[in-house]
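>>> the sequence and its predicted three-dimensional model are supplied below.
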Amino acid sequence: MDAVMDQDLPEKHPLRILIADDNDVDRLILKSLVRRLGHRVYQAVSGAEAVDRYRQHRPDIVLLDVMMPVMDGLEAARQIKALAGEQMVPVIFLTSLSEADALARCLEAGGDDFLPKPYNRVIIEAKIKAFNRMRQMHETLSRQRDVIHAHNQQLLAEQRLARKVFDNIAHTGCLDAPHIMYRASPLSVFSGDLLLACPRPSGGLHIFIGDFTGYGLPAAVGALPIAEMFYGMTSKGFDLGEILREINQKLNRILPTGMFCCACLVQANFHQGELRIWNGGLPDGYLLRPNGEFQLVRSAHLPLGVLDADRFSTDVVIIKTDPGDVLLMATDGVVEATNRDGEMYGEARLQAALGPHTGAAAVFEALQEGLQAFTGDQQMQDDATLVVLEMVSGSLLPAVSAQLVLEARNGPMHWESSYKIEGPTLSSFNPLPLLLHICLEVPGLRHRSSDVYTLLSELYANALEHGVLELSSAWKNSPEGFSRYYAERERRLKNIHGHFIRFHFRHTATDTGGKLVIACEDSGKGFDVQQYLNNGHGRTPYAGRGLALIQGLSESVRFHAQGNHIEVVYHWRLP
């Protein structure tokens, strides 16, 4: 039978209703009742025809008899629901059945309700209105879902773009160095964890591990200013304490109340075999020896962004190292990772995974395997970052760019400069970044920044620690003496009145590059230079490796007065 559509309807927005029944009398009665309620009616006499009418007209509600020829109502309901997809199309079965099993089969086939025979106008009207409300609510929710989905996709695309920019800024350092291994597992596009590494002009490096409260974009708001300060200050020669103070002050200004950054800043000196570590709120770190022994690096400070400048402390843990020692640091997302039973990985399991090793790669692999075996396919509940650093001989030097070679002879080539620090300024100010900046105004010295910084830092350390403070390097020959050395250094720095350190620089051009003469003079008592030279540099307060480094890097070293005035000549050549 062809579909019949009635036109003269009293309502402005009638529903389109499909009635499928092979009984002509029942179908006509129901059609008449539905038409009087103001709705448009489509008719079908079999299940197959009902499916075809639905495909053609897409009615809002389907009234479907169970028992029909060609295709029964159950199969017709399944096919109509499949055609409707995510769109809600209520299917109401027309039936005189009363057995529970038969009614259950109707619901399993996709039916939403029943309309018993003989028909009741009041019940028909109530059911149509009720299902229309459900249909409209479903359409509203679907539209809202689609809008939210579109906005979410746009937000994710913007975050991915922002993440690329962020990575270009935050990961411009040396995380790809062969003796650094790391794992960063963010929960979302942006991570609340932050991992940065940057070479120091001395040939060492700084590593920053941070964990902001929360995760995702809100937790990463402080990452960019931290990265900017970290890379800028490290490359200019600022030490660990100065960088920490600047970052803490910045976070105090920009972070809302209750938000902070648990962090660890590591300063590695490969020449001297030394680690300086500040840990504020991160889990314990580990300095691992190749024989399996380890030393804990505990958190001794509050996180960054909590204390004001007056109460903030930059005291560090100083650890002597040998080549092959490995430092391990992690955010709490690692130790708090859970398995299927809800158990946390914990520090005990982490320590159990550690043992004798053959370098950073072996330690990293053991930790990865242990963590994976514990968590299985369980999703992480927090951002998780793990980094291991192997102490090596030599230095970590940035590559020399071709452009730097071309510019090597530009800039000031013939100049002199003097700089003097005195009194309490010696205990509160680090002049090395400024002195390095003066020297690196010569482009040709920039590809030798490691050598220049080492000369400046060793000259200044000798002048301050041995000349002014009169500390003996011999104390560093034992762990107890090493601790005593730095404790005594801090004590004597508090009473440093009447002393000074003066630098004088002179630079001239040569046929192959240039010559930099650095003179460093201090107000200390000095020492017997002749005895120092005769004894092979081994029985004076200057018995450390500082002067040996200076002599190894420079063309000549001359002592004046009582050893408290040293002049170093450094030649640089075009690469």
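All right, it came through fine. This is a predicted model, so every value here is computed, not measured.
>>> okay, now the domains of this protein?
16-140, 171-390, 402-573 (automatic domain parsing).
>>> mean pLDDT for those: which is lowest?
Sorting the domains of the chain by mean pLDDT places domain 402-573 lowest, at a mean of 82.
>>> just the buried positions in stretch 457-470, please.
457-469 (16 or more other Cβ atoms under 10 Å). All C-beta atoms are positioned from the backbone trio N, CA, C, and that covers glycine.
>>> over to I247: give its phi and psi.
phi -60, psi -40 (degrees, to the nearest 10).
>>> what is the neighbour count of it?
I247 has 23 neighbours, counted by other Cβ atoms under 10 Å.
>>> isn't it up against F230?
Yes. The criterion here is Cβ atoms under 8 Å, and I247 meets it with F230 at 7.2 Å.
>>> nearest to V147, of the domains of the chain?
domain 16-140 (10.7 Å; Cβ to Cβ).
>>> in the chain, which helix has the most residues?
helix 121-170 (DSSP state H).
>>> after that one comes which helix or strand?
Using DSSP states H and E, the helix or strand that follows helix 121-170 in sequence is strand 180-185.
>>> which element follows that next one toward the C-terminus?
strand 193-199.
>>> how about that following strand as CSV, C-alpha atoms only?
What follows is strand 193-199, C-alpha atoms only, in CSV (Å, rounded to 0.1, in the frame of the first residue of the first chain):
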residue,chain,number,x,y,z
ASP,A,193,56.2,18.3,35.2
LEU,A,194,59.1,20.2,33.8
LEU,A,195,62.6,18.8,32.8
LEU,A,196,65.3,21.2,31.6
ALA,A,197,69.0,20.7,31.0
CYS,A,198,71.5,23.3,29.8
PRO,A,199,75.3,23.4,29.4
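>>> what's the offset of the longest helix of the chain from the middle of its chain?
Put simply, helix 121-170 sits 31 Å off its chain's centre (Cα atoms, centre = their mean, to the nearest Å).
>>> report all helices and strands that that helix contacts.
Judged by 3 or more Cβ pairs under 8 Å, 6 or more residues apart in numbering; DSSP states H and E, the packing partners of helix 121-170 are helix 24-36, strand 61-65, strand 113-116, helix 223-235.
>>> now do that helix against helix 24-36, angle only.
Helix 121-170 and helix 24-36 are oriented at 70 degrees to each other (axes from the mean of the first three to the mean of the last three Cα atoms, to 10 degrees).
>>> so helix 121-170 versus strand 61-65, what angle?
130 degrees.
>>> distance from stretch 567-575 to the middle of the chain?
40 Å.
>>> mind listing what's buried along that stretch?
Buried, per 16+ other Cβ under 10 Å, within stretch 567-575: 567-568, 570, 572.
>>> now do stretch 420-433
421, 426-427, 431-433.
>>> kindly report the same for stretch 500-516.
Quick answer for stretch 500-516 (16+ other Cβ under 10 Å): 500-507, 513-514, 516.
>>> now do the same end-to-end measure for that stretch.
23 Å (Cα to Cα, to the nearest Å).
>>> next, the contact list for D332, please.
211, 262, 282-283, 382 (Cβ atoms under 8 Å, 6 or more residues apart in numbering).
>>> typo on my end, it should be F238
Counted by Cβ under 8 Å, 6+ apart, F238 has contacts 430, 432-433.
>>> the closest residue to Y486 other than its chain neighbours: how many residues sit nearby?
Leaving aside its chain neighbours, Y486 sits nearest to I318 (5.8 Å; criterion: Cβ to Cβ, 6 or more residues apart in numbering). Close neighbours of I318, defined as other Cβ under 10 Å, add up to 14.
>>> CA atoms only for the strand or helix carrying I318 - export them in PDB, please.
I318 belongs to strand 317-320 when assigned by DSSP H and E. What follows is strand 317-320, C-alpha atoms only, in PDB (Å, rounded to 0.1, in the frame of the first residue of the first chain):
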ATOM      1  CA  VAL A 317      74.000  19.300  49.200                       C
ATOM      2  CA  ILE A 318      77.600  18.900  47.800                       C
ATOM      3  CA  ILE A 319      78.600  15.400  46.700                       C
ATOM      4  CA  LYS A 320      82.000  14.400  45.400                       C
END
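>>> C-terminal to it, what's the next element?
strand 326-330.
>>> neighbouring strands for that following strand, and are they parallel or not?
strand 285-288 (antiparallel), strand 384-390 (antiparallel) (DSSP bridges).
>>> and the angle from that strand to strand 180-185?
Angle of strand 326-330 versus strand 180-185, following the same axes, to 10 degrees, is 10 degrees.
>>> excluding chain neighbours, what is closest to G204?
N269 (4.5 Å).
>>> just give me the neighbour total for the one you found.
So N269, with other Cβ under 10 Å, has 18 neighbours.
>>> mind starting the numbering at 109 from now?
Let's use 109 as the start, then, which means that last one is N377.
>>> tell me what it is bridged to.
With DSSP bridges as the rule, N377 is bridged to E382.
>>> now do the contacts for it.
310, 312, 383-384.
>>> and it, how far from A408?
Computed as Cβ to Cβ, to the nearest Å, the N377 to A408 distance reads 20 Å.
>>> and R241, by the same measure?
R241 sits at a distance of 64 Å from A408 (criterion: Cβ to Cβ).
>>> out of those two, which sits in the busier spot?
A408 (14 against 10).
>>> residues contacting that one?
Residues in contact with A408 (Cβ under 8 Å, 6+ apart) are 387-388, 423, 425.
>>> which of the helices or strands spans it?
Here A408 is assigned to no helix or strand, by DSSP H and E.
>>> may I have the phi/psi pair for it?
phi -120, psi 0.
>>> for G621, what are phi and psi?
phi 170, psi -100.
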